[in-house]
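>>> okay, here's the prediction I keep looking at, along with the sequence it came from:
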Amino acid sequence: MLTDESLAILSMACAKITTYPEQYQIFPPYSLQNALHGLPSNNTEARAQKIFDRLYLLNLSAYAERYRENFVPIVPDIDLNTYYDILPRYEYNPKTKTGTVHPIHYRLYKIIQCFLYQVDDGKEARTDPLVLGLQDLERYIANYIISNTTEYNTVPWG
């Protein structure tokens, strides 16, 4: 099982990326937007809470399936406002011609990888739209990290 903190970080990041993509320059894949369609879009905390609940239950279900355990689907009460500012806004550096990559970008990428690994054992999770959206977001985050390095930006195009 992922820690509540990791799921909270992922939930808040998904809520922010899908609500204000231009502020983070990580544009959400359509699969993730579709998976979150219908969630509150005018309240980031409420949106993050709905995402957290879904992620938690998917992770719990896959865990129970892997270890053949029964589980009580009770989502922990966690203050997601603690993680509201976890994802910094995009900052462009004209000197290096790159955006700023923060440690949280690497952590977010690793959390997504871990979550996808954890839920891979769950039959329900394999086809869940949120999981499919996170598979695409994993690639988007990797692209963001790589394309905002000086090494990448100094290599000629084509």
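Everything's here; your move. This structure is a prediction, so every number in the text was calculated from the model and none was measured. Numbers count the residues shown, from 1 in each chain.

>>> buried residues in the longest helix belonging to the chain?
For the chain, the longest helix by residue count, based on DSSP state H, is helix 44-67. Applying a neighbour-count criterion of 16 or more other C-beta atoms under 10 Å, one finds 44-45, 47-52, 54-65 buried in helix 44-67. Using the backbone N, CA and C atoms, a C-beta is placed for each residue, glycine as well.

>>> same question, stretch 109-122
For stretch 109-122, by 16+ other C-beta under 10 Å, it's 109, 111-112, 115, 118-119, 122.

>>> show the average pLDDT along it.
Per-residue pLDDT over stretch 109-122 has a mean of 93.

>>> now do stretch 55-74
Stretch 55-74 comes out at a mean pLDDT of 85.

>>> I'd like to know which helix or strand in the protein has the lowest mean pLDDT.
helix 123-126 (a mean of 82; mean pLDDT, DSSP states H and E).

>>> other residues contacting it?
Outside helix 123-126, the residues within contact range by C-beta atoms under 8 Å, 6 or more residues apart in numbering are 58, 61-62, 65, 119-120, 131.

>>> quick one: residues contacting the residue lying closest to Ile78 once chain neighbours are set aside.
Closest residue to Ile78 apart from its sequence neighbours, by C-beta to C-beta, 6 or more residues apart in numbering: Asp4 at 5.2 Å. Contact analysis of Asp4 by C-beta under 8 Å, 6+ apart lists 56, 76, 78.

>>> before we move on, the earlier item: ok, which pair from the contacts of helix 123-126 is furthest apart?
Glu65 and Val131 (13.7 Å; C-beta to C-beta).

>>> shared neighbours of these two, anything?
Common neighbours of Glu65 and Val131 (C-beta under 8 Å, 6+ apart) do not exist.

>>> helix or strand: which one has the closest residue to Tyr106 other than its chain neighbours?
Excluding the flanking residues, the one nearest Tyr106 by C-beta to C-beta, 6+ apart is Ile145, at 6.8 Å. Assessed by DSSP states H and E, Ile145 sits inside helix 129-147.
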